[in-house]
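*Asks:* requesting a structural model of the entry that follows:
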Amino acid sequence: MKEKKEEEEEEEEEEEEEEEEEEEEEEEEEEEEAGRDGGRG
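*Replies:* Numbers count the residues shown, from 1 in each chain. Just a heads-up that it's a prediction; the model follows:
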């Protein structure tokens with residue numbers, strides 16, 4: 001029983017890390033788009 005709970009906690013941590021990485025990538029893309037828009041004017 002105890003081992004199963006530890007595995008679930010590890011999976012949750014991995015999912016949280018993946019979500020954080022995705023958010024960082026989205027922010028970088030938004031910054032790049034903003035930079036391109038600013039360069040046009």
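*Asks:* I'd like the distance between residue 29 and residue 23.
*Replies:* According to CB to CB, to the nearest Å, residue 29 stands 11 Å off from residue 23. Yep, even glycine has a C-beta here, placed from its N, CA and C like the rest.
*Asks:* which residues are common contacts for those two?
*Replies:* Contact criterion CB atoms under 8 Å, 6 or more residues apart in numbering; no residue bridges residue 29 and residue 23 by contacting each.
*Asks:* where's residue 14 relative to residue 21, distance?
*Replies:* Using CB to CB, residue 14 is found at 11 Å from residue 21.
*Asks:* try residue 35
*Replies:* Distance of residue 35 to residue 21, given as CB to CB: 21 Å.
*Asks:* one more: residue 8?
*Replies:* Distance, residue 8 to residue 21, by CB to CB: 21 Å.
*Asks:* how about residue 11?
*Replies:* In terms of CB to CB, residue 11 sits 16 Å off from residue 21.
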